[in-house]
Each structure stands twice: as structure tokens, then as C-alpha cells.
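> Predicted model and sequence follow; I will ask about them next.
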Amino acid sequence: MMHHDVAIVGGGCVGLSVAKHLSEQTDFDVAVLEKEHHLAQHQSGRNSGVLHPGFNYPPESKKARFATEGTRRMKAYCADHDVPCEELGVLVVAKTDREAAHLETLADQAEANGVAYELLESQEAIREHEPHAVGQRAFYAPEAASVDSQQYVYALAREVQRAGVSLYTGHAVSRIEHTASGYRITTSNSDVAASYLVNAAGLHADTLAHQVGVGEGYQVVPFRGEYYELTPEKADLCQTMIYPTPDPELPFLGVHYTRRTDGKVIVGPNAVLAFGREAYDNTDVNPADLAETLTYEGFRKLLASKTMLSVAWSELNKSYRKQKFAEASQRLVPEVRAEDLEKSYAGIRAQLVSDDGELVKDPLFIERENAVHILNAVSPGLTSSLPFGEHIAERLATKV
């Protein structure tokens, strides 16, 4: 059995950030246990790669603090470690009077959070930024950036290994048990003993936490987000990033356009219930995971909302009917046609739901005497990973 002071379950951007900051702040012998043989196989690598500068989050909230600081720190980190990162800016387009009014809220939040912005009051002003976008008003944030999230994760991994952190890939954790001296962790490869535990297992964080009696009032419900990409000859329809105005009543943003650091323009995602925690294709089904979701009281209460049922039906249509996905994308860029869209990749969001049927929208971690369980590193998790990981490391350091 291997012995370490701290075991971090999950080698994604948050787990590796915790390892980075523990190695900088303490003398702990730290190990990271990652189930896959290659990093960034799940949420950390299957995302849009956008750095969100913080205008979309209430002032003084955890999200606002972590996003604004995270954007700044991530840009510096990418520059120092040769990770592709481009500051492209984002255009948030309003199509209706209600959406146009909500841009004032974004402007107020940007002002309070110290985020640069500009309100564009006409179609002509919009087209100066994005010639093919259509709307009656828009919010422009120049600090939004696109980053190669997979290369970022590997840069973190190289850094923590140089600092002496043990990174065990191919170690899928199946069981966590309390012991007199800390924790015994059973993996697919070997067992690990640790005095302290950080549960950063993403899609499986709730399952592991429940094994030691933590977070039993919550469960992860997996939502798949599917992306298309514009064909190369149509990629000039989006120069930077084009987003819809967010609906404050809904947890998912809706279909949008993102130019990536490799020059591709991805369109999406939708947000449809996944029939498994790692069911990345709309034909994939994990019977045990699906049964767990469908029998969860919190999920049934969530779907009791007519609004959520309507959203679920709309998102399901986008998953199985390409034309419906194309129609959603045309709302921002009317020139796009279904034939301009090619299937790209999909990611799964570990959406935490409470027993009373509420979507948990803020970061949630639960501390114990010798552990921290990260149950909800909700979007913008990639953007926030450096300050959030530092915060978790600081919390753990206080337990010694």
C-alpha cells in the first residue's frame, strides 16, 4: 500500500490546481489519483475553453471573485507555460426588449466586478465587432479569452510533478474508507493510505462523498452538452465569441459561438440529460447511472417545474434533430445553415441537484476534520481553477 500525507482524487484542472498550491504552500507529500491513463478526458478537457471574465455573476459572490481573478491568473499562467490562449473578447447579443434590458444588469455586474465592457446600441455597432451577428443591442467584454484546456491541464500536471507531487494515472477510485489515521482509498490499481483527502472527482464526487457520509442531500445529475463546428469555409461567420443574453431563470446558457485557439469555430452546447455520467454520445446508456438519476427524488422534483420540462424537451430536440440545433444557432447568426455545421465533440456537466429539486448554481465544497469534498465546481470551473484550487489548498492547510 502506498502512503501519502494528502490524496487528491481527480486529476482535472481543479484537482491539479489544489496539488499545485499545496506543493507551493506546504511540505505535504501529495498524491493525485486519476482514473484515466490520459488527462483531461472529462469535464476539464471537454468544454468550450472560454475564460469568462466575471460580468455574468453577482458582485461579491464566489463565482464573481473566482472568475475575475481566475481569468487574469490563467492568462498569465498560459503565457508562462506556453499554453495557447487568445484574448478575443465576447459579444453578448440581445434579440428582444427583455434581453436588451437584461444587458443593463450585466453592465452593472461588470462595473462592480471590475470587468471592462461596452454597451453597443445598434445593429451597426454590433457588426463592427461581428459582421454576421444580428441583434438590437449587445454587451461587449474584451477580456474574454479562448484557451486550450487540455494543454493547460497537462501544463499543471508537469508543474506539480516537478514540485514532487506523485501523479498516478490509471487509478480509478472505487472506495473511500475512514481509518484511525485518515483514509484508505481503494483504486483499480493499488490501495492508497492518506492522512488527508481532497475529493475532486467531478462527475463522481458525490458518489465518493456519500461513502463517508458527506453531502447526502445532493446528487450529481449529468447533462450532456453537444457541440458542432462550422465548416472551414464558413468559419469566418464568427470572428471571436458570440453569446446569447443569459436567462437568469435558467442554469444553462444556450447555443453560442466560440473561436478556439486552433482556429475552429465551435457552436453549442445544448444541455440534455445524459443517460450516464460518461455517456458522451446520445446513443450511450449506462443503465445503473440512468436508474440512479430517474429514481432520485431531487431530479423528479426538478422536472415538476413546467419551465424545466419545456427546456428539457427543447434541448432533447437539439440533440436528435440537427435542424433544431441549426435553428438555435441561427438566432445569433442567421446566415448559418444546417449543412454548415459538422458534428464535433460533447462534454458532460456534473450538475449538482439538491434533494428539494434545486439546481446548485454556486461552488460547493464540504469540509471535514481531515478532508475537503468538492461537490460542485460549477461553471466557470476552468476559468476559476487557479484561485479555487488555491482556496481549497488553504482550507486543507488549516486542518494540520
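Everything's here; your move.

> Give the residue spans of the chain that score low on pLDDT.
251 (pLDDT under 70).

> Quick check: buried residues in the biggest helix by length in the chain?
Longest helix in the chain by number of residues, with DSSP state H as the criterion: helix 62-81. By neighbour count, with 16 or more other CB atoms under 10 Å as the criterion, the buried positions of helix 62-81 are 62-75, 77-78. Every residue, glycine included, has its C-beta placed from N, CA and C.

> Kindly report the same for stretch 304-316.
Residues 308, 311-312, 315-316 are the ones in stretch 304-316 that count as buried (16+ other CB under 10 Å).

> and what of stretch 355-366?
Burial within stretch 355-366, assessed by neighbour count using 16+ other CB under 10 Å, is assigned to 357, 359-360, 363-365.

> check contacts around Glu358.
Remark: with contacts taken as CB atoms under 8 Å, 6 or more residues apart in numbering, Glu358 is in contact with 298, 302.

> Go again with 7 Å.
By CB atoms under 7 Å, 6 or more residues apart in numbering, the contact list for Glu358 is empty.

> Equivalent analysis for Gly268, please.
For Gly268, the contacting residues are 225-228, 255, taking CB under 7 Å, 6+ apart as the criterion.

> Just among the residues you listed, which is most surrounded?
In terms of neighbour count, Val255 stands highest of the contacts of Gly268 at 27 neighbours, by other CB atoms under 10 Å.

> Number of residues surrounding Glu394?
When neighbours are counted by other CB under 10 Å, Glu394 registers 14.

> How about the one 5 residues further on?
Residue neighbour count, defined by other CB under 10 Å, stands at 13 for Lys399.

> surely it meets Asn370?
Yes: assessed by CB atoms under 7 Å, Lys399 is found in contact with Asn370 at 5.9 Å.

> shared neighbours, these two?
Taking CB under 7 Å, 6+ apart as the contact rule, the neighbours common to Lys399 and Asn370 are Tyr196.

> ok, back up a step: may I see the buried residues of stretch 355-366 arranged in TSV, with distance to Glu335 and secondary structure as well?
As requested, the buried residues of stretch 355-366 are arranged in TSV below (distance: CB to CB, whole Å; DSSP: H, G, I helix; E, B strand; the rest coil):
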residue	distance to Glu335	secondary structure
Gly357	40	coil
Leu359	34	strand
Val360	38	coil
Pro363	38	coil
Leu364	41	strand
Phe365	44	strand
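
> what's the closest of those residues to Gly45?
Sorting the buried residues of stretch 355-366 by distance to Gly45 puts Pro363 at the head of the list, at 20.0 Å, by CB to CB.

> which residue packs closest to that closest one, ignoring adjacent ones?
Lys62 (5.2 Å; CB to CB, 6 or more residues apart in numbering).

> One more: Glu367?
Nearest-residue entry for Glu367: Arg395, 6.1 Å, with adjacent residues in sequence omitted and distances by CB to CB, 6+ apart.

> got it, and Pro53?
Using CB to CB, 6+ apart and skipping the chain neighbours, the partner closest in space to Pro53 is Glu143 (4.1 Å).

> quick check, that neighbour in a strand?
No: checked against DSSP: H, G, I helix; E, B strand; the rest coil, Glu143 lies outside a strand; its state is coil.

> roughly how far apart are it and Met74?
When distance is defined by CB to CB, to the nearest Å, Glu143 is 11 Å away from Met74.

> still on that earlier bit, was I right to think the residue nearest to Pro53 contacts Glu118?
No: with contact taken as CB under 7 Å, Glu143 and Glu118 are classed as non-touching, separated by 11.4 Å.
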